[in-house]
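*Asks:* Got a predicted model here, sequence first, then my questions.
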Amino acid sequence: MRVISLHDTRTGRLQVLEPREPGKIGIYACGPTVYGRIHVGNARPFVVFSLLKRFLVHEGYEVTFVANITDINDKIYAAAQKEGIESEQLALSMTDAYITDTDALGLGRPDYEPLASQTIDEIIELIGWLIERGHAYAADGDVYFQVRSYPEYGELSHRNVDDMDQGEGIDGAERKRDPLDFALWKARKPGEDTAWDSPWGKGRPGWHIECSAMAEAILGLGFEIHGGGEDLIFPHHENEAAQTFAAHGVPLARMWVHNGMVRLDQAKMAKSVGNVFVLHEALEQYGRDALIVYFCGGHYRQPIEFDDERLSEARERGRGIAEAARRRLEPGDSPVWSGALRERFFDALAKDFNTPRALAAVAEWVREANRSEQRVGDRDLREMLGVLGLENLLDVAPAEIPPEVIELRDLRERARAEQDYARADRLREEIKSLGWEVRDGPEGAELLAVR
RNA sequence: GGCGACGUGGCGGAGUGGCUACGCAGCGGCCUGCAAAGCCGUCUACACCGGUUCGAUUCCGGUCGUCGCCUCCA
């Protein structure tokens, strides 16, 4: 097993991955709040942590990957009301859409995808602990976490409680003992069409508590990797960390790993900014291969710009790999030169999951194969690409060529043999108009479907 | 204002105290009737100003700029 390290937000440095139990890793990555179709930005953590899991599995770990779905939230109420439907119905349909959209990424599903609405008992229990330990208080059916009762608050996001701009007139302000306090439980408000019974009356969980509860319920305490977009560091993850430690005296997670933002026009892609590109349209336009290559083309912690040039380039890179598979690869063991590149690939991933470096090793592998005189065994490349979810690039299905295209190809071959190149070129154009490209090679003319 | 990250060749994007990243595009060449694909070569960068050092793109300080969080947010 390689030594694997990742950048931990809390300590601000690379940290060696050390499991609680040898050989086992738990990953919890915050998923979306389902009140609309997800956008490319939402897809990044899904991709990053799905691929990280693949890598850890490849390295021999038994990995449990949890990605929650937040289906109770103010935004859901608001969006449902606007559409004139029940919030439960909206959450349900958007959850379905989320599954469909992320399925299309072709990376499989996380091992668990818990819903906030199905973790209410655990949430209530956790809040109970917090009250009992003096870290939370009930007020008129709401329950708040008392930030100043927890001295470590701010540890994850590296901020000082006293430095924060506080006390904006947000709801519940008059019930809070301190503007810093945040809601664990919110009493039902008029217009809200879902609510659950609790010791504090009918209501629903606040935003952060559900993740603490779901993560603990599935992965237990002190699991290895808690992840998500870096915009969640504060307050979401800070609050999660605080709640769990305050309730149990044990850290929620050992390591906090955050991905950078996807940007559109130099600004964070976000529904609130209004500059979103929805995932399913990106998938239709560029294909999942291009999307995956695009995400892997930048280090997960850096921001990446979403634009046509970058996506087209990613598609081109994917095409190049598939092209090599078509013309040079065959099933079987890879040549000796492959070993060093394979090592470079996995070493790159072991050191803070450096996918751009890993992709560089792939590129060199492909070039090496292309310059080979004979066919090359694809085993190592398949193994490498498999970790990035791109092994399908190697499975080039021989296309079904329509008879009329073959006929034109034969006519062209005859014209070429007769050195009637003008005719041959016309025939090529004709073939092209039918969606096929002719490539003349030593073994005759090949036909390729134009993508 | 506070905290954090970043500024690399035409465009992206890694990385390192001294040694070719890599990709895409361009250009030249090989191959080829032409084209495409592929291969070879080429374009040799590290915001600015100081400092440390035999030597800094890489370490330290400052300046300028960009972005993220501090309120919902992947």
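*Replies:* On my side now, so go ahead.
*Asks:* CA atoms only: put the lowest-mean-pLDDT helix or strand in chain A into CSV for me.
*Replies:* With mean pLDDT, DSSP states H and E as the measure, the helix or strand of chain A carrying the lowest mean pLDDT is strand A:444-449 (a mean of 87). These are the backbone C-alpha positions of strand A:444-449, laid out as CSV (Å, rounded to 0.1, in the frame of the first residue of the first chain):
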residue,chain,number,x,y,z
GLY,A,444,-6.4,0.4,-47.2
ALA,A,445,-9.1,3.0,-46.5
GLU,A,446,-10.6,3.0,-43.0
LEU,A,447,-14.0,4.3,-42.3
LEU,A,448,-14.7,6.2,-39.1
ALA,A,449,-17.9,7.6,-37.8
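*Asks:* packing partners for the top helix by length along chain A?
*Replies:* Counting by DSSP state H, the longest helix found in chain A is helix A:308-328. Using 3 or more CB pairs under 8 Å, 6 or more residues apart in numbering; DSSP states H and E, the elements in contact with helix A:308-328 are helix A:279-286, helix A:288-296, helix A:355-371. Using the backbone N, CA and C atoms, a C-beta is placed for each residue, glycine as well.
*Asks:* Any buried residues in that helix, and which?
*Replies:* Residues A:Arg310, A:Leu311, A:Ala314, A:Arg315, A:Arg317, A:Gly318, A:Gly320, A:Ile321, A:Ala322, A:Ala324, A:Ala325, A:Arg328 are the ones in helix A:308-328 that count as buried (16 or more other CB atoms under 10 Å).
*Asks:* repeat for stretch A:23-37
*Replies:* The neighbour-count criterion (16+ other CB under 10 Å) identifies A:25-37 as the buried residues of stretch A:23-37.
*Asks:* could you list every residue that touches A:Asp142?
*Replies:* For A:Asp142, the contacting residues are A:Gly172, A:Arg175, A:Ala183, A:Trp185, A:Lys186, A:Ala187, A:Trp200, A:Gly203, by CB atoms under 8 Å, 6 or more residues apart in numbering.
*Asks:* Who does the residue lying closest to the second one once chain neighbours are set aside form a beta bridge with?
*Replies:* This points to A:Arg175. Nearest in space to A:Arg175, with sequence neighbours left out and distances taken as CB to CB, 6 or more residues apart in numbering, is A:Ala139 at 4.2 Å. For A:Ala139, the beta-bridge partners are A:Asp142 (DSSP bridges).
*Asks:* Could you find the closest non-adjacent residue to A:Gly31?
*Replies:* Take A:Gly31 and drop its neighbours on the chain: the residue closest to it by CB to CB, 6+ apart is A:Ala67, 4.4 Å away.
*Asks:* picking up where we left off before, now, among the buried residues of stretch A:23-37, which is nearest to A:Asp162?
*Replies:* Here the nearest of the buried residues of stretch A:23-37 to A:Asp162, counting by CB to CB, is A:Cys30; it sits at 27.4 Å.
*Asks:* so what pLDDT did the closest one get?
*Replies:* Per-residue confidence for A:Cys30 comes out at a pLDDT of 95.
*Asks:* Same check on the one 10 residues further on?
*Replies:* At A:Val40 the predicted local confidence, pLDDT, stands at 97.
*Asks:* residues touching it, list them.
*Replies:* The contact partners of A:Val40, by CB under 8 Å, 6+ apart, come to A:Val262, A:Met269, A:Val276, A:Phe277, A:Val278, A:Leu279, A:Ala282, A:Leu291, A:Phe306.
*Asks:* So, low pLDDT: which residues of the stretch 351-451 of chain A?
*Replies:* Across the stretch 351-451 of chain A, residues meeting the criterion (pLDDT under 70) sit at A:451.
*Asks:* try it again with 50
*Replies:* Low-confidence segments of the stretch 351-451 of chain A, defined by pLDDT under 50: none present.
*Asks:* and the least confident helix or strand of chain A with RNA strand B, contact?
*Replies:* No: no part of strand A:444-449 sits close enough to RNA strand B to count as contact by CB under 7 Å from any atom of the strand; the gap is at least 7.8 Å.
*Asks:* which helices and strands sit right next to that strand?
*Replies:* Under the contact rule (3+ CB pairs under 8 Å, 6+ apart), strand A:444-449 is packed against helix A:403-417, strand A:436-441.
*Asks:* after the first one, next one along is what?
*Replies:* Same thing as helix A:403-417. Using DSSP states H and E, the helix or strand that directly follows helix A:403-417 along the chain is helix A:421-433.
*Asks:* Quick check: buried residues in that following helix?
*Replies:* Residues A:Ala424, A:Leu427, A:Arg428, A:Ile431 are the ones in helix A:421-433 that count as buried (16+ other CB under 10 Å).
*Asks:* quick one: the strands in the stretch 51-200 of chain A?
*Replies:* Under the criterion DSSP state E, counting those that start in this stretch, strands of the stretch 51-200 of chain A are mapped to A:62-67, A:136-139, A:142-145, A:182-187.
*Asks:* Tell me which of those lies nearest to RNA strand B.
*Replies:* Closest approach to RNA strand B among the strands of the stretch 51-200 of chain A is made by strand A:182-187 (6.7 Å; CB to the nearest atom of the strand).
*Asks:* Residues touching the next helix or strand after the closest one, excluding its own?
*Replies:* Scanning forward in sequence from strand A:182-187, with DSSP H and E defining helices and strands, the next element found is strand A:203-205. Outside of strand A:203-205, the residues that reach it under the criterion CB under 8 Å, 6+ apart are A:72, A:116, A:120, A:123, A:141-142, A:184-188, A:192, A:194-196, A:213.
*Asks:* Now do the buried residues in stretch A:328-337.
*Replies:* Taking 16+ other CB under 10 Å as the basis for neighbour counts, the residues of stretch A:328-337 that come out buried are A:Arg328, A:Leu329, A:Ser334.
*Asks:* Out of those residues, which is nearest to A:Asp395?
*Replies:* Of all those, A:Leu329 has the smallest distance to A:Asp395: 10.3 Å, by CB to CB.
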